[in-house]
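Trainee: Quick one, what's the 3D model for this:
(one chain, ligands or ions: 2)
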Amino acid sequence: MVVKEQSIVDASGGDILRTSDRQIRIVDKLEEPLILVLEDVLSAEECDVLIALASDRMQRSRIGGAHTVSDIRTSSSMFLEEGENAWVRSVEERLSELMQVPLAHAEPLQVLHYRPGEQYKLHYDYFTSDTVANNRISTLVMYLNDVEEGGETCFPLLQLSVAPKKGSAVYFEYFYTDHHLNELTLHAGNPVVTGEKWVATQWMRRQRFRD
Ligand SMILES: O=C(O)CCC(=O)C(=O)O
Ligand SMILES: [Fe+2]
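Mentor: Ligands and ions are numbered 1, 2, ... in the order given. Okay, the predicted model is just below:
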């Protein structure tokens, strides 16, 4: 008998995920690994506020422990301060409820900006080194604007591609005992063809990450 592994988010209750302040629609769903395409995660105003907070603080993205500039990721990025204002606080609290992980386990929100030709090549969000004590367990990538062409978040091993849409998001988790399930979350941010792309990413850790 094949037993389904426990997921972090319980999405078995229909097409809506309720948080204290919002009803979030599930528009697409993959069971294992659990991947949810969600609408109405952020209001249009929240998207605009996050872009405005980030826009004059962007730097060329760096990856890995050594924080090196790399062709893997050509976008620009920044981290918002934890709960830096009331907008960020309210979004962070909603995401913690939505992702069913305590806020103390949340990394600061990251904002990414891609111009035409910029991309985030295939990667896992969890750290693959055995020595990581407090690894990531789940991700929510939120789209802060509509992209004219390109910029899809693509999961090649699952034949899934999510087109950016302002206020919507893709959720996935990789805390399964069966490592093959985690490895299926390999994903990329496809190159933007026309327009620009803004996203905010929330990563959750297995244990407490914030003071
Ligand atoms: O920009 C995207 O579509 C993907 C972003 C991503 O993979 C990440 O922030 O880890
Ligand atoms: Fe990622």
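
Trainee: so residue 184 sits right up against residue 158, yeah?
Mentor: Yes: taking CB atoms under 8 Å as the contact criterion, residue 184 and residue 158 are neighbours in contact, 5.9 Å apart. Just so you know, the C-beta spots here come from the backbone N, C-alpha and C atoms, and that holds for glycine as well.

Trainee: which of these two has more neighbours?
Mentor: The residue with more neighbours, out of residue 184 and residue 158, is residue 184; 21 against 15, by other CB atoms under 10 Å.

Trainee: Near the residue lying closest to residue 24 once chain neighbours are set aside, how many other residues are there?
Mentor: With CB to CB, 6 or more residues apart in numbering as the measure, residue 17 is the residue that lies nearest to residue 24, at 4.5 Å, once sequence neighbours are left out. The burial count assigned to residue 17 is 23, neighbours taken as other CB under 10 Å.

Trainee: Is residue 17 part of a helix or strand, or is it coil?
Mentor: Secondary structure assignment for residue 17 (DSSP: H, G, I helix; E, B strand; the rest coil): strand.

Trainee: what are the ranges of the helices in the protein?
Mentor: Listed from the start of the chain, the chain has helices (DSSP state H) covering 44-55, 86-99, 179-183.

Trainee: Pick the most buried one from these.
Mentor: Of those, the one with the most neighbours on average (mean count of other CB atoms under 10 Å) is helix 86-99, at a mean of 18.

Trainee: Could you report the separation of whichever residue of the chain sits closest to ligand 1 from residue 208?
Mentor: Using CB to the nearest ligand atom, the closest approach of the chain to ligand 1 is made by residue 189 at 3.0 Å. Relative to residue 208, residue 189 is positioned 29 Å away (CB to CB, to the nearest Å).

Trainee: go on, residue 142?
Mentor: Computed as CB to CB, the residue 142 to residue 208 distance reads 23 Å.
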